[in-house]
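Asks: predicted model, plus sequence, below.
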Amino acid sequence: MRRTRMTWLTSDWAANDTKADFPAAAARIGVQSFGANLDDPPAADEVEKFVVARNLAEPALLFFANEWERKGGEAAVATVQQLRARGCLAKLIVLGLANRPVSVPHESWVEWAGRLEK
């Protein structure tokens, strides 16, 4: 905590616990809840149009992690394989890993996005 400029947590209780554990850093601990955080959110009818227009026949599963084994990468592949075996044109997008694991199949339904750089 000494080297951070700011630490963002997703709930008040997590922020409060962290402040209690690191009182010297309390001023650098904030709360940012999950969500789109849009400055100008779309109207409900615009959102409804988007929801209706979705292509549910071709869902995309996003696997976003930097530890393939520990985070369940094999389960993500197996899930998409099962969906495809049932006729669903699902795809898997792998994001966050620097190197492609050997177990990530080289298939048209796997999109390798690689690692995000800050």
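Replies: Structure received.
Asks: return the distance of stretch 81-97 from the chain's centre.
Replies: Stretch 81-97 sits 16 Å away from the centroid of its parent chain (C-alpha atoms, centre = their mean, to the nearest Å).
Asks: how close does the residue most central in space within the chain sit to Ala36?
Replies: In the chain, the C-alpha nearest the mean C-alpha coordinate belongs to Phe64, at 4.9 Å (C-alpha atoms, centre = their mean). Distance, Phe64 to Ala36, using C-beta to C-beta, to the nearest Å: 16 Å. C-beta coordinates here come from the backbone N, C-alpha and C atoms, glycine included.
Asks: that older thread, just read off the phi/psi values of the residue nearest to the centre of the chain.
Replies: The phi/psi pair for Phe64 (degrees, to the nearest 10) reads phi -120, psi 100.
Asks: list the buried ones in whatever helix or strand Thr79 lives in?
Replies: Thr79 belongs to helix 73-85 when assigned by DSSP states H and E. For helix 73-85, a neighbour-count test (16 or more other C-beta atoms under 10 Å) marks 73, 76-77, 80, 83 as buried.
Asks: which ones are touching the residue of the chain positioned farthest from its centre?
Replies: Here the chain reaches farthest from its C-alpha mean at Ala24, the gap being 31.0 Å by C-alpha atoms, centre = their mean. Ala24 makes contact with 1-2 under the criterion C-beta atoms under 8 Å, 6 or more residues apart in numbering.
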